[in-house]
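# dropping a prediction and its sequence here:
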Amino acid sequence: MLHILNKPPHSDAAVQMLSTLSGNDTIVLIEDGVQAALHPEWQGWATNEVSIFLLVEDAISRGIHSIAVAHGLPLIEVDDFVVLTEQNEQIISWY
Amino acid sequence: MTEPNERLVVIRHAPYSSNELREGLDVALVAAAFGQAVSLLFLGQGVLALLKEQKAGAPGQKSTLPTIDMLEMYDIETILVPTETLQNFNITADQLVDGVTLLPISDLPDLFQRYDYVLNF
């Protein structure tokens, strides 16, 4: 299952998304979702068997690209994002 | 195996503050009208949509409670609310409309896996 989050890590949407995660789900952080890069303590990072990606253009536009790289967080292009949507049957947007 | 074309509509916004609640209910009713099996899950602020004491809002703001009461007529019988959500809002089940089923929040991962389409409002 692919989750798409465009809200900051401590928002209702982010907290609710975390409560629905299963093993080998994938999360793509877009728009304000990339703010999770500023919070290493965010519960999402600690959830095992879940892969989390940041959309690189939103990390760049919001000025946290270097921080994400410094934390070694995986950044993806839009094309990779599209591939993820093709690979996952269930896609859920947390907006 | 997910139930074939079962829809789960998740409602996460309170009445009046945005159109999300009304849009979510409309999607559920339309899907049900087309014979789709629809279940509803109310999370966070969404649980406020189920308070049975709701009245119309300021002039011009129609209440969504009548729409909630109509769900049954469209055979939407699964209305889910996590018990933890009730606790977070200090609301008890008897303050909600009838027909609500409580579930532990720990059931949500399995619940989400069971549906092909999860629509979030």
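Good, I have the coordinates. Residues are numbered from 1 along each chain as shown, chains lettered A, B, ... in the order given.

# quick one, what contacts residue 78?
You didn't say which chain, so I picked chain A. A:L55, A:E57 (Cβ atoms under 8 Å, 6 or more residues apart in numbering or on different chains). No exception for glycine: its C-beta is placed from N, CA and C like everyone else's.

# let me rephrase: I mean chain B.
Contacts of B:T78 by Cβ under 8 Å, 6+ apart are B:V38, B:S39, B:L40, B:T101.

# got those as JSON lines, with secondary structure, distance to A:S93 and pLDDT columns?
Shown next, in JSON lines, are the contacts of B:T78 (DSSP: H, G, I helix; E, B strand; the rest coil; distance: Cβ to Cβ, whole Å; pLDDT from 0 to 100):
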{"residue": "B:V38", "secondary structure": "strand", "distance to A:S93": "18", "pLDDT": "96"}
{"residue": "B:S39", "secondary structure": "strand", "distance to A:S93": "18", "pLDDT": "97"}
{"residue": "B:L40", "secondary structure": "strand", "distance to A:S93": "17", "pLDDT": "98"}
{"residue": "B:T101", "secondary structure": "strand", "distance to A:S93": "25", "pLDDT": "97"}
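
# identify, from those residues, the entry nearest to B:Y74.
Of all the contacts of B:T78, B:Y74 sits closest to B:V38, with 7.8 Å by Cβ to Cβ.

# remind me, longest helix of chain B?
Of all the segments of type helix in chain B, defined by DSSP state H, the longest one is helix B:20-33.
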